[in-house]
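**Q** Can you look at this prediction? I've put the sequence above it.
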Amino acid sequence: MNSYIPLDLKAFLNNRGCTLLSENHLGALSLMGASFPAEEFPFDKPLTFYDIPFELKQAETGDNIECTEQIISFAPCMMKGLHILGTSSNTDLFDDILFFHKGVVVHRSKLYLSSFSSLVPAFSDRLALTLSYLHTRTGRYDHIKPKLWYYSLKFPSPQTVESFQFADNPSMHVFAMTIETA
């Protein structure tokens with residue numbers, strides 16, 4: 001039976017991808033300062049996408065992880081997969097993610113995330129959430145319906161893992177992650 005462990009990412013949140021309209025100038029989801037409307041974003045509510053539970057959190061430091069080689073550590077577990085809610089800015093992107101046990105890479109994979117402005121997924125990621133407008137530095141922009149994507153990373157066989165590391169790709173943004181255990 002599969003078990004799911006939503007990760008608490010508060011300590012790793014380093015980017016402001018959601019803003020209220022009154023603070024749209026603080027958005028940092030893209031190089032041009034775009035952001036999801038916080039008015040519509042489901043923070044601190046129980047969420048399930050594709051039968052996987054997720055937790056979307058906010059902190060003073062942000063609401064998502066801008067991928068810059070962070071190492072996310074947790075209690076060792078027999079991992080079958082990692083489920084991710086995220087998006088890319090500026091274009092559809094993919095990059096490496098490394099999984100470790102006792103400092104040794106036990107699994108290497110790719111994280112694929114379509115752009116928040118894409119109409120359809122560019123990869124095998126799937127739509128998780130569509131918001132009704134985008135915030136830009138100049139205000140509300142109704143011509144783009146920004147998207148949050150769901151991506152599932154499966155292991156060929158369960159592995160004992162206690163950390164993973166993102167690549168250095170600051171245009172990839174992770175909002176929530178859930179571990180699938182054996």
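**A** All right, it came through fine.

**Q** G33 is in contact with E23, isn't it?
**A** No. Using Cβ atoms under 8 Å, G33 makes no contact with E23, being 11.3 Å away. Any C-beta I mention is one placed from the backbone N, CA and C, and that applies to glycine too.

**Q** Compare those two and say which is more crowded by neighbours.
**A** When G33 and E23 are compared for neighbours, G33 comes out ahead with 17 against 13, by other Cβ atoms under 10 Å.

**Q** host element of the spatially closest residue to Q58 that is not a sequence neighbour?
**A** Leaving aside its sequence neighbours, Q58 sits nearest to F43 (Cβ to Cβ, 6 or more residues apart in numbering; 5.3 Å). Following DSSP states H and E, there is no helix or strand that holds F43.

**Q** For the strand or helix carrying F94, which helices and strands make contact with it?
**A** Assignment of secondary structure by DSSP H and E places F94 within strand 93-101. Applying 3 or more Cβ pairs under 8 Å, 6 or more residues apart in numbering; DSSP states H and E, one finds that strand 93-101 contacts strand 71-88, strand 104-113, strand 147-166, strand 168-181.

**Q** That strand: which residues count as buried?
**A** Neighbour counts using 16 or more other Cβ atoms under 10 Å place L93, F94, D95, I97, L98, F99, F100 of strand 93-101 among the buried residues.

**Q** quick check, A11 in a strand?
**A** No. Secondary structure of A11 (DSSP: H, G, I helix; E, B strand; the rest coil): helix, not part of a strand.

**Q** Please report the distance of it from D92.
**A** 28 Å (Cβ to Cβ, to the nearest Å).

**Q** and those two? which has more neighbours close in?
**A** D92 (17 against 11).
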